[in-house]
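Enquirer: With the sequence up front, the predicted model follows.
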There are 2 protein chains.
Amino acid sequence: MNSLANTPEPPYYAVIFSTMMSDDTVDYDEMSTLMTELASAQDGFLGVESARNAIGITVSYWRDEKAIKAWRNQMDHRVARIMGREKWYASYRLRVAKVERASAFEAESLL
Amino acid sequence: MNSLANTPEPPYYAVIFSTMMSDDTVDYDEMSTLMTELASAQDGFLGVESARNAIGITVSYWRDEKAIKAWRNQMDHRVARIMGREKWYASYRLRVAKVERASAFEAESLL
């Protein structure tokens, strides 16, 4: 998850998941890894970017709405109940957005 | 920047800016603060969320495309040349997306 996603030309979809953790972070890292594995295996998954310090932001990219719905159902059935019980999150925002245009930059030299 | 944005009901726009830093981070924090101040003062600015560890993700939220364009012009004229010279970024992705739906969660107790 610790790199930039090489997504195709727009349009495609972004799921922006912004979180603040509670004090209870037991099992969170394990679940986060599982979530990424589940998402990556879904049809229509295009990539994911994730960063955390004071807040966490994970943006996953998807081919279309259908792929997001399939992933959401996967998540609901297998993971969400556990997440709720463990109460990792003090608060979150979940936004589904259609990427309309994009640009990328790569430095010519990384020396 | 270190909290979740309380955005209005969709539709609105998200500018997803994902970055990897170069080794040269001189003046970066100062410029980052200035950028946030500039963005926050723009008409149509709705909020911003930002996190960084291995990569950085800053998502700013905007009322409409017109507001994004005005902000981009502001940025271009006053900041971008400096950014380019300083070469803070090894690589980045910039994605403009229309938020179609959103949900929020707040824990009832933060004890």
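Expert: Looks like it came in fine. All of these numbers come straight from a predicted model, not from anything done at the bench. Numbering: from 1, shown residues only, chains lettered A, B, ... in the order given.
Enquirer: longest helix in chain A, by residue count?
Expert: Longest helix of chain A, by residue count under DSSP state H: helix A:28-40.
Enquirer: Neighbouring strands of the top strand by length along chain A in the sheet, and parallel or not?
Expert: When chain A is parsed with DSSP state E, its longest strand is strand A:89-106. Paired neighbours of strand A:89-106 in the sheet (DSSP bridges): strand A:12-21 (antiparallel), strand B:89-106 (antiparallel).
Enquirer: Make a markdown table out of the ones you listed and add mean pLDDT, mean neighbour count and distance to A:N53.
Expert: The way it works is simple: take the backbone N, C-alpha and C, and place the C-beta from them, glycine included. Compiled in a markdown table, these are given as follows (pLDDT from 0 to 100; neighbours: other C-beta atoms under 10 Å in any protein chain shown; distance: least, C-beta to C-beta, whole Å):
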| stretch | mean pLDDT | mean neighbour count | distance to A:N53 |
| --- | --- | --- | --- |
| strand A:12-21 | 94 | 21 | 11 |
| strand B:89-106 | 92 | 18 | 18 |
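Enquirer: Who is the residue nearest to A:A5 when sequence neighbours are not counted paired with across the strands?
Expert: Once flanking residues are discounted, A:A5 sits nearest to A:G47: 2.9 Å by C-beta to C-beta, 6 or more residues apart in numbering or on different chains. In this structure, A:G47 has beta-bridge partners A:Y61, where bridges are defined by DSSP bridges.
Enquirer: Then the one 4 residues further on?
Expert: According to DSSP bridges, the residues that bridge with A:A51 are A:I57.
Enquirer: quick revisit: please identify which of the strands paired with strand A:89-106 is closest to B:S22.
Expert: Distances from B:S22 to each of those were compared by C-beta to C-beta, and the smallest falls on strand B:89-106, at 4.6 Å.
Enquirer: so how far is the closest one off the chain centroid?
Expert: Mean-position distance between strand B:89-106 and its chain equals 9 Å (C-alpha atoms, centre = their mean, to the nearest Å).
Enquirer: Thank you, goodbye.
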